[in-house]
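Visitor: Show me the folded form of this:
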Amino acid sequence: MRRVMKSEEIFRRVREVVARELGIETRDIAWESRLVTDLGAEKTDLLDLVFRLQREFKMDTIPAGHLFPKLTHEMTDAEGALTGKGVGLLLVGAKEASLAHLDLEPGKRLEDLQTVGMLCRYVRDRFTDLDTAFAVGNLDLGGEG
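Guide: Residues are numbered from 1 along each chain as shown. Below you'll find the model as predicted:
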């Protein structure tokens, strides 16, 4: 019988991946920690996080745009906040990807939405298919952290 991985386990493992990648202590990482603003992640760190999450959770390829979509000048206002058009373009550009884990809304800065909790929700959401969940250890898809 496979063990069930609870949301707390997902958070613990994501937090360990983030700590290793960014060279910081796990105790300094919270669910709401913003990857860039609070933890100092740079663009290359974000790409490396995608690969490390794939390995940690034995996932198929994660397109970087699923976690860290690219923005163009027409998607944000002068302060860098998403516009309504920007949210629409991100959702249309996502095609098969669900960006629900990003909680996109006009007026929010994308970098403020890219949190440790967002990574955890993404991992959890990737295992909504029960066959996939059993293949990696029967993930419990319960609530957050």
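Visitor: The spatially most central residue of the chain in helix, strand or coil?
Guide: Geometric centre of the chain, nearest residue: L119, 2.6 Å, by Cα atoms, centre = their mean. Three-state call for L119 (DSSP: H, G, I helix; E, B strand; the rest coil): helix.
Visitor: and it, how far is that from G80?
Guide: 21 Å (Cβ to Cβ, to the nearest Å). C-beta here means a position set from N, CA and C on the backbone, and glycine is covered the same way.
Visitor: now I29
Guide: 24 Å.
Visitor: Those two: which is more packed in?
Guide: I29 (20 against 12; other Cβ atoms under 10 Å).
Visitor: Name the nearest residue to the more buried one, ignoring sequence neighbours.
Guide: Nearest non-adjacent residue to I29, counting by Cβ to Cβ, 6 or more residues apart in numbering: R15, 4.8 Å away.
Visitor: Backbone dihedrals for the one you found, please?
Guide: Dihedral pair for R15: phi -60, psi -40, per degrees, to the nearest 10.
Visitor: Identify the residues contacting it.
Guide: When contacts are counted by Cβ atoms under 8 Å, 6 or more residues apart in numbering, R15 touches 26, 29, 116.
Visitor: hang on, isn't the first one packed against V17?
Guide: Translated: T26. No. Applying Cβ atoms under 8 Å as the test, T26 and V17 come out as separate, 10.0 Å apart.
Visitor: So for those two, which sits in the more crowded spot?
Guide: V17 (22 against 12).
Visitor: Looks to me like the more buried one is in a helix.
Guide: Yes. Checked against three-state DSSP, V17 lies within a helix.
Visitor: No more questions from me, cheers.
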